[in-house]
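Chemist: Sharing a sequence plus its predicted fold:
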Amino acid sequence: MWLNELSAWVAFVFCLMVQLAFSRTAWAKGVDPSIDPLGAAIRAFGQAMFWGTGSYAWRMGYWDLFRSFFAPEAWAAWNDASGGLTINAVWNASMIWAGYQALVGLQLSLPDQDRDQWRWWNVVGYPPWRLFIRLRAVLSALAQFFKRKASRE
């Protein structure tokens, strides 16, 4: 059991670090998709990472870490009182939002001439050879964003 708890603590800390790192892009102010679609795509990807890693971290924290503070009988009582697996609906909703933001970011990162033809729900079917080039541009812009932030601080 200690290996699970140790790996859960390390994963929990890493998730929180990723969440903290992407919080800068997730809550960037003044990004208008009609003016700067690539900036809006970066913001959407940042929100996807923020909500996805947060959801994973807190779910793992609850089931793998929080439980270790209770005696088995007390955990069973707490689990029954809190609704058991029903609490996962909170984290599932967060992951749904993260997935939606990732798809929106993908749609916003499409070339201008193709963006209006694709929506968040069907963007996964966009031709992969073009998508890889745009995704690389988004990741490059994200790296430049973090470099500029680091040079200002």
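Modeler: Arrived safely, thanks for sending.
Chemist: Need the pLDDT of residue 30.
Modeler: You'll see residue 30 listed with a pLDDT of 67.
Chemist: With residue 3 instead?
Modeler: pLDDT, residue 3: 86.
Chemist: And the residue nearest the centre of this protein?
Modeler: Closest residue to the average C-alpha location of the chain: residue 49 at 2.2 Å, with Cα atoms, centre = their mean.
Chemist: can you tell me the helix or strand for it?
Modeler: Here residue 49 sits within helix 37-60, counting by DSSP states H and E.
Chemist: now the next helix or strand after that helix, how far from the centre of its chain.
Modeler: Note on helix 37-60: by DSSP H and E, the next helix or strand toward the C-terminus is helix 72-81. Centroid displacement of helix 72-81 relative to its chain, using Cα atoms, centre = their mean, to the nearest Å, is 30 Å.
Chemist: how about the helix or strand following helix 72-81: buried residues?
Modeler: Next in sequence after helix 72-81, counting helices and strands by DSSP H and E, comes helix 88-108. For helix 88-108, a neighbour-count test (16 or more other Cβ atoms under 10 Å) marks 91, 94-95, 97-98, 100-108 as buried. Any C-beta I mention is one placed from the backbone N, CA and C, and that applies to glycine too.
Chemist: And the furthest pair within the residues you listed?
Modeler: For these, with distances taken as Cβ to Cβ, the pair at the greatest spread is 91 and 108 (25.7 Å).
Chemist: how much space between residue 75 and residue 65?
Modeler: Going from residue 75 to residue 65 by Cβ to Cβ, to the nearest Å gives 12 Å.
Chemist: out of these two, which sits in the more crowded spot?
Modeler: Using other Cβ atoms under 10 Å as the criterion, residue 75 and residue 65 rank with residue 65 on top: 17 against 14.
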